[in-house]
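Visitor: Using only what follows, build the 3D model:
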Amino acid sequence: MAANRGLEPRKLSGLVREKLDWIVMKALEKDRNRRYNAACAAALAGCGQGLDADKIDARARGRLPRQALIWLRADRSAWVRLLDKEPDKVRQVHVQNLQHRLEDPDLAGVRG
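Guide: Numbering: from 1, shown residues only. Next comes the predicted model:
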């Protein structure tokens, strides 16, 4: 892959690491929408789709769907905790959120 891009393997590795770091930082966002978007980006990249997916090697691509699931589960846990605290305020939004996840084509690679 590095040869196809005219890069040294070390430089390509650094570029991939930089992109993965960006995805991780997005997943750690306090804003729920950004966390969800990071999980979608990881799921797409893991399937070889999305921006810069062709720059990610096979090993990293294999880890991304699992990472997307971890982030989605963490986000779901945050929603459940919020639902426990404020059920009347959050219930409808949580149901819509879950429905969206089931229908979101970006997450098809992690749903099986």
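
Visitor: where in this structure is pLDDT low?
Guide: By pLDDT under 70, the weakly predicted segments of the chain are 1-35, 111-112.

Visitor: From Gln99, how far off is Val93?
Guide: 11 Å (Cβ to Cβ, to the nearest Å). All C-beta atoms are positioned from the backbone trio N, CA, C, and that covers glycine.

Visitor: In which helix or strand does Arg61 reside?
Guide: Assigned by DSSP states H and E, Arg61 belongs to helix 58-85.

Visitor: Any buried residues in that helix, and which?
Guide: Neighbour-count burial for helix 58-85, with 16 or more other Cβ atoms under 10 Å as criterion, is recorded at Ala60, Arg61, Leu64, Pro65, Gln67, Ala68, Leu69, Trp71, Leu72, Asp75, Trp79, Leu83.

Visitor: Let me have those in CSV, adding distance to Tyr36 as columns.
Guide: Listed next are the buried residues of helix 58-85 as CSV, based on distance: Cβ to Cβ, whole Å:
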residue, distance to Tyr36
Ala60, 21
Arg61, 20
Leu64, 15
Pro65, 15
Gln67, 14
Ala68, 10
Leu69, 13
Trp71, 8
Leu72, 8
Asp75, 6
Trp79, 10
Leu83, 16
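
Visitor: which one among those residues gets closest to Gly48?
Guide: Comparing the buried residues of helix 58-85 against Gly48 with Cβ to Cβ places Arg61 closest, at 6.5 Å.

Visitor: In this model Gly48 seems to touch that closest one, though I could be wrong.
Guide: Yes. Using Cβ atoms under 8 Å, Arg61 is in contact with Gly48, at 6.5 Å.

Visitor: coming back round to it: check which element follows the helix holding Arg61 along the chain.
Guide: Following helix 58-85 in sequence, per DSSP H and E, is helix 87-103.
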